[in-house]
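Participant: Here's a sequence, model it:
(one chain, ligands or ions: 1)
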Amino acid sequence: MEYKTIIVRIEEGIATLTLNRPEVLNALNDQVFNELADAASEMAADPTVRVVIITGGEKVFAAGADISQMATASAVDVMTSDKPSHRAFHLIETMPKPVIAAIAGYALGGGCELTLVADIRIAAENAQFGLPEIKLGILPGAGGTQRLPRLIGPGRAKELIFGGDFIKAEEALRIGLVNKVVPTNQLFEEAKKMAKRFCDRGTVALRLAKSAVNEGLRMDLEAGLQYEDKCFNLLFATEDQKEGMRAFLEKRPAKFQGR
Ligand code: COA
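Facilitator: The predicted structure is shown next:
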């Protein structure tokens with residue numbers, strides 16, 4: 001597929017999606033969201049892709065939804081929009097493969113919300129996070145009011161949403177918004193190192209482990225445990241499980257085929 005606002009590169013099982021509108025700090029317009037959605041579907045279906053990295057490059061992740069696109073919209077325009085952001089975020093969040101956000105520079109508004117649909121967030125030392133929508137007279141409408149409190153708790157999420165201020169990478173780490181902070185010039189190397197680690201793991205097990213965590217978060221504990229049990233049982237019907245355990249007993253690395 002041809003993309004204009006993102007760059008898609010696949011190397012050794014790792015697909016890297018790079019936002020590419022540097023002139024507007026990677027502001028996310030409908031075209032970007034549509035291309036992200038298409039790329040997410042393509043990566044999900046491509047058996048050679050085992051892990052996906054989303055990044056904006058070394059300078060900026062994304063400075064939010066494109067304000068110039070929203071400035072003159074009416075309530076009816078917004079209400080009747082098919083919301084490409086929602087479709088893109090849903091497809092990324094439910095992608096049956098690990099998704100790592102590698103974040104340098106600003107991750108604001110929709111950019112910050114995009115990081116929230118990744119499974120893991122790695123921040124460069126120069127990263128800054130924020131949900132400044134409140135300063136524009138709106139609220140984070142692409143999942144920010146829902147996913148952020150689930151990740152860092154309602155009190156901290158409300159402080160970020162109500163104040164609209166930016167926080168630096170170290171503070172993001174302290175409140176659990178990101179998994180780790182790395183020197184800016186090592187961001188991609190670190191993201192790839194983590195991605196490579198996941199590439200070697202059981203493919204079907206990864207898929208079901210992600211589903212167990214994500215689906216379980218929507219359920220009460222009892223229902224979540226039952227769902228986990230179903231996923232666990234199902235894995236015993238896979239060749240990956242046989243290979244993983246046989247390889248352990250034969251003292252050699254497992255070679256998972258995703259079957
Ligand atoms: N939507 C549309 N354009 C944006 C944008 C956005 N969210 N964020 C930045 N841009 C554009 C600017 O308009 C500017 O374009 P111009 O050169 O044609 O004037 C260009 O990107 C560079 O941004 P600029 O503001 O000059 O950079 P800066 O380094 O001074 O400030 C920010 C960086 C991120 C602090 C500032 O751009 C900003 O506050 N952006 C909006 C953040 C926001 O509110 N996001 C939530 C949207 S819902």
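Participant: is the ligand contacted by the worst-scoring helix or strand of the chain on mean pLDDT?
Facilitator: One helix or strand of the chain scores below all others by mean pLDDT, DSSP states H and E: helix 67-70, with a mean of 92. Yes - Helix 67-70 is in contact with the ligand by C-beta under 6 Å from any ligand atom, via 67-68. Quick note: C-beta positions are derived from backbone N, CA and C, even for glycine.
Participant: Other residues contacting whatever helix or strand comes next after that helix?
Facilitator: With elements assigned by DSSP states H and E, the helix or strand that comes after helix 67-70 is helix 75-80. Helix 75-80 is contacted from outside by Met70, using C-beta atoms under 8 Å, 6 or more residues apart in numbering.
Participant: follow-up on the earlier one: just give me how far the least confident helix or strand of the chain sits from the chain centre.
Facilitator: 23 Å (C-alpha atoms, centre = their mean, to the nearest Å).
Participant: The spatially most central residue of the chain: what's it in contact with?
Facilitator: Centroid-nearest residue in the chain: Ala118, 1.5 Å away (criterion: C-alpha atoms, centre = their mean). For Ala118, the contacting residues are 54, 92, 99-101, by C-beta under 8 Å, 6+ apart.
Participant: what do you get for Ala127?
Facilitator: Taking C-beta under 8 Å, 6+ apart, one finds 61, 103-107, 168-169, 172, 178, 181 in contact with Ala127.
Participant: Roughly how far does the nearest residue to Phe33 once chain neighbours are set aside sit from the ligand?
Facilitator: Spatial nearest neighbour of Phe33, chain neighbours left out: Pro84 (3.7 Å); criterion: C-beta to C-beta, 6 or more residues apart in numbering. According to C-beta to the nearest ligand atom, to the nearest Å, Pro84 and the ligand sit 15 Å apart.
Participant: how many other residues sit next to Pro84?
Facilitator: 18 (other C-beta atoms under 10 Å).
Participant: Met1 too?
Facilitator: 8.
Participant: do the same with Leu208
Facilitator: Neighbours of Leu208 (other C-beta under 10 Å): 21.
Participant: again with Leu17
Facilitator: 24.
Participant: my read: it touches Asp38, true?
Facilitator: No - under the criterion of C-beta atoms under 8 Å, Leu17 makes no contact with Asp38, lying 10.6 Å away.
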